[in-house]
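Chemist: Attaching a predicted model along with its sequence, questions to come.
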Amino acid sequence: MARTTQAPLVPEAKPDATPGAPPDAKPDATPDATPAARTATSAADKGGSRRLTVPGPLWALPPLAAIGFFFLYPLFLVGKQSLSPDSGGHSVSAYTDVFTEESFRKALWNTVWIAVGSTAGCLVLGFVLALVIAFVPFPGGKALSRFIDIFLAFPSFLITLALLFLYGTVGMANGLWTDVTGGASGSGPIDFLRTPWGVLLAEITYFTPFVMRPLLAAFSQVETAQLEVASSLGARAPRIVRQVILPEALPSLAAGGSLVLVMCLNEFGIVLFTGAKGVTTLPMLVYSKAILDGDYPGACVVAVVAVVLSVTLYGLYRAAVARTTTLAGGFTGGARRAGA
């Protein structure tokens, strides 16, 4: 048999070996790092990671504390005062006294129907105006859209004073009437601002831009191609608005309407500056009881009722809008599937 010659094993050269060093010397991965330095660096890295790691719930404590101190604590004091009559102790007698008053029942009714009516009027008028500004080209459309942003900063009493200058007892409309007929000053036929309808008109005039602003933002996201396709398929303008534009605008319409509803429920300046006779809302009743009558427990009772009413109507409104949005989304999805 032939013998197989095996080549002698040659030790591999160590690339890290330093010339002149002993054969057993091991190269250092990091020449400058001593064990003590490496231990200190590792500890520093671990300490730094521990400092940056904060439990998630702890981040919620500062805003929760601010909300509790600036909002919830004053509400707690109002509720406590409503249960603390002037005679001392704790009692629900203030609630019994307020609920049996005719003025409270009238103020509650006026607050609810004026707020609901104003919200409905703002939704309808705001949707129509936003639709015209967004989809009907006309000179000055962009300037009008920017003016809406400025209008939101106006105080409510300023709009009320403007309406008084126009339609008040001695306003421009009545002044024009007396000039034409020769009647005495202040004898004009226009005097509706001192009625509940005047308060309703003032609130619709002031709060409509709060509905228009989110609607304009939503309309800017509507693709023009959808409108062109619907028009090319023979759909008329009312159908395009109902089936294409309105479903896209429902979330913004809901947001603007909920904001207007809450603001109308607690509006004070418009009712005060119109000087409407016999129109007392819950905020006006709080003012009259606290400032004019000095009945602080009664004023706190009305304030508690106003808070509960605002939260209740807001919840009902959001639930109704959520159901409407769901139904509209299902209808729109079915129509698109049928068209496809």
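Modeler: Yep, that arrived.
Chemist: Tell me which residue is most central in this protein.
Modeler: For the chain, Leu259 is the residue whose C-alpha lies nearest the centre (Cα atoms, centre = their mean; 5.6 Å).
Chemist: Thr208 is in contact with that residue, correct?
Modeler: No: counting by Cβ atoms under 8 Å, Leu259 does not reach Thr208; the two are 11.8 Å apart. Where you see a C-beta, it was placed from the backbone N, CA and C, and this is true even at glycine.
Chemist: can you pull out the strands in the stretch 101-250 of the chain?
Modeler: Counting by DSSP state E, counting those that start in this stretch, the stretch 101-250 of the chain has no strands to list.
Chemist: Helices along that one, start to end?
Modeler: Per DSSP state H, counting those that start in this stretch, the stretch 101-250 of the chain carries helices over the ranges 102-135, 141-151, 156-167, 172-181, 196-219, 224-232, 237-240, 246-265.
Chemist: among these, which is the most enclosed?
Modeler: With neighbours defined as mean count of other Cβ atoms under 10 Å, the helices of the stretch 101-250 of the chain peak in mean count at helix 196-219, which reaches a mean of 22.
Chemist: Taking helix 141-151 as reference, get the angle to that one.
Modeler: For helix 196-219 against helix 141-151, the angle by axes from the mean of the first three to the mean of the last three Cα atoms, to 10 degrees is 120 degrees.
Chemist: mean confidence score for helix 196-219?
Modeler: Helix 196-219 comes out with an average pLDDT of 90.
Chemist: Stretch 112-132 now?
Modeler: 93.
Chemist: returning to what we had before: show me the one of the helices of the stretch 101-250 of the chain that comes nearest Gly68.
Modeler: helix 246-265 (20.8 Å; Cβ to Cβ).
Chemist: Residues in contact with the helix or strand following the closest one: which ones?
Modeler: As assigned by DSSP states H and E, the chain's next helix or strand after helix 246-265 is helix 269-274. Helix 269-274 has contacts (Cβ atoms under 8 Å, 6 or more residues apart in numbering) with 155-157, 159-161, 163-164, 193-194, 198-199, 202-203, 206, 279-281, 283-284, 287.
Chemist: repeat for stretch 223-236
Modeler: If you take Cβ under 8 Å, 6+ apart as the criterion, stretch 223-236 is touched by 135, 239-240, 243-245.
Chemist: Out of those residues, which is nearest to Ala120?
Modeler: Closest approach to Ala120 among these (Cβ to Cβ): Ile245, at 19.5 Å.
Chemist: check contacts around the closest one.
Modeler: Applying Cβ under 8 Å, 6+ apart, the residues near Ile245 are 131, 135, 219, 222, 227.
Chemist: how about those residues in JSON lines, adding distance to Val78?
Modeler: Formatted as JSON lines, the contacts of Ile245 follow (distance: Cβ to Cβ, whole Å):
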{"residue": "Leu131", "distance to Val78": "42"}
{"residue": "Phe135", "distance to Val78": "46"}
{"residue": "Phe219", "distance to Val78": "41"}
{"residue": "Val222", "distance to Val78": "44"}
{"residue": "Leu227", "distance to Val78": "51"}
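Chemist: Out of the residues you listed, which is nearest to Ala66?
Modeler: For the contacts of Ile245, the nearest to Ala66 is Phe219 (35.7 Å; Cβ to Cβ).
Chemist: and the closest one, what is it in contact with?
Modeler: 130-131, 134-135, 245, 248-249.
Chemist: now with 6 Å?
Modeler: Contact analysis of Phe219 by Cβ atoms under 6 Å, 6 or more residues apart in numbering lists Ala134.
Chemist: what do you get for Leu83?
Modeler: Here Leu83 is in contact with His90 (Cβ under 6 Å, 6+ apart).
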